[in-house]
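**Student:** coordinates only, sequence not included:
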Ligand code: EPZ
């Protein structure tokens, strides 16, 4: 079992290069199922969830050649793909459900394991299924699998998603790209990763146009072209390192991210006293010794991202006075609070609200990661805690952060991975 050891007290200084976006790469990889031509993807992050998605695609018959060195791969989905996404691969990565839409669109049938819940919530897929049925999909659920089919192929439709859902929007856009006729999807999630997915699909021959803020019009096509595509940078990784600079009162140049896609995060950090200078594809973050408290609500993009909620909470532990964080997206995303309190934080949670006492001094401890973003919040606290902290179960971390201890060491953190 690997763990990370962090010695607190270092101000981080230097440059951090942002990797490709995990949450853009996953739907784009799933969407390659639509095409029988070879597709070349680059700037994929070297993280566990991408390996899992690659294994899932290989398990249905995709021919994949990986070039780890330049983080690229070529993928060829011939006509003999299997249509079964097995439990052992989908259970560890809920994004496996994203193969449902493309399998149905191209092969008109799919058997995909239900993703199951995780530590942050039950992660249902009712919206995916309800909306896919409006494209002509029939499905039933038994022994933990979704059995879905569309005998005559998918038929375009006008669909309003009942609730903003990133995954359901992605599944629907991919499926509708190959449906007969026109689809108009409204109340879509509009995260930058979804825009990246649409750009990728159009690049391989789809006809997708944004006709409203949350509305997309899709002219279904029969065939897709061969092409190559570079995945966008990871805005959640960038936000995490911005908070690392702020909390250690350091000065970090975060390279390879367009500040326009993290406007909300930049505005919030500036509002509480962090200095941020923005440039075309990078930003400089300078931490200050005193920051102000805040009231934050997570929300679908362009609101404050739930994937940065645990991280900003650590910073607010150092702010002047009481802060409040409302988690509006997931029903159980405060698992990090108990571990932070073991390090001296004073966080009280009531339902989906967390009350964070400021001006605390973190003390080192032996800690347990519970989910991807909670685990990185423990590292942030460890960076400023008195003494040496140990973080266990860092497999959660490796799902979504590429070489985090190497990137942090490059800017002066005392952090190392222990292989026990
Ligand atoms: C995506 O998850 C991201 N994962 C999550 O990032 C992110 O936290 C989430 O969007 C919100 O931004 C990937 O992109 C791989 P949702 P997703 O569907 O698609 C409910 C990370 O840390 N819902 O937008 O699963 C759901 O329970 C991960 O990188 C239904 O009720 O999120 C949640 O409360 C964690 N029925 C809310 O909607 C459904 O059919 C938003 O979920 C689908 C979702």
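**Tutor:** Thanks, I have the structure now. Everything quoted here is computed from the prediction, not taken from an experiment.
**Student:** please make it C-alpha for all contacts and neighbour counts, starting now.
**Tutor:** OK.
**Student:** just say helix, strand or coil for residue 146.
**Tutor:** strand (DSSP: H, G, I helix; E, B strand; the rest coil).
**Student:** quick one: residues contacting it.
**Tutor:** Neighbouring residues of residue 146 by CA atoms under 8 Å, 6 or more residues apart in numbering: 110-114, 139-140.
**Student:** which residues of this structure lie near the ligand?
**Tutor:** Residues of the chain lying near the ligand by CA under 6 Å from any ligand atom: 23, 95, 123-128, 165-168, 306-307, 329-330, 372-373.
**Student:** follow-up on the earlier one: from the contacts of residue 146, which is closest to residue 352?
**Tutor:** residue 114 (25.9 Å; CA to CA).
**Student:** could you pull out the helices for the stretch 151-300 of the chain?
**Tutor:** Per DSSP state H, counting those that start in this stretch, the stretch 151-300 of the chain carries helices over the ranges 166-176, 192-203, 235-247, 263-271.
**Student:** format those as TSV; extra columns: mean pLDDT and mean neighbour count.
**Tutor:** Below are the helices of the stretch 151-300 of the chain laid out as TSV (pLDDT from 0 to 100; neighbours: other CA atoms under 10 Å):
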stretch	mean pLDDT	mean neighbour count
helix 166-176	98	26
helix 192-203	98	20
helix 235-247	98	26
helix 263-271	98	17
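**Student:** can you put those helices in JSON lines and add distance to residue 288?
**Tutor:** Compiled in JSON lines, those are given as follows (distance: least, CA to CA, whole Å):
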{"stretch": "helix 166-176", "distance to residue 288": "35"}
{"stretch": "helix 192-203", "distance to residue 288": "29"}
{"stretch": "helix 235-247", "distance to residue 288": "7"}
{"stretch": "helix 263-271", "distance to residue 288": "11"}
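**Student:** got a list of contacts for stretch 363-370?
**Tutor:** Contacts to stretch 363-370, defined as CA under 8 Å, 6+ apart, come from residues 8, 119, 335-336, 339, 342-344, 375, 378, 382, 385-394, 396-397.
**Student:** go through those and flag which are in helices.
**Tutor:** The helices, defined by DSSP state H, take in 335-336, 339, 342, 375, 378, 382, 396-397 from the contacts of stretch 363-370.
**Student:** and the buried ones among those, selectable in PyMOL?
**Tutor:** Per 16 or more other CA atoms under 10 Å, the buried members of the ones in helices among the contacts of stretch 363-370 correspond to this PyMOL selection:
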select buried, resi 335+336+339+375+378+382+396+397
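**Student:** so where's this structure shaky on pLDDT?
**Tutor:** Regions of the chain meeting the criterion pLDDT under 70 cover residues 117.
**Student:** circling back to that earlier point, distance to residue 295 added to the ones in helices among the contacts of stretch 363-370, as JSON lines?
**Tutor:** Shown next, in JSON lines, are the ones in helices among the contacts of stretch 363-370 (distance: CA to CA, whole Å):
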{"residue": "335", "distance to residue 295": "19"}
{"residue": "336", "distance to residue 295": "18"}
{"residue": "339", "distance to residue 295": "22"}
{"residue": "342", "distance to residue 295": "23"}
{"residue": "375", "distance to residue 295": "23"}
{"residue": "378", "distance to residue 295": "21"}
{"residue": "382", "distance to residue 295": "24"}
{"residue": "396", "distance to residue 295": "28"}
{"residue": "397", "distance to residue 295": "27"}
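**Student:** nearest to residue 83, of the ones in helices among the contacts of stretch 363-370?
**Tutor:** Distances from residue 83 to the ones in helices among the contacts of stretch 363-370, taken by CA to CA, are shortest for residue 396, at 28.2 Å.
**Student:** what residues does that closest one make contact with?
**Tutor:** Counted by CA under 8 Å, 6+ apart, residue 396 has contacts 369-372, 375.
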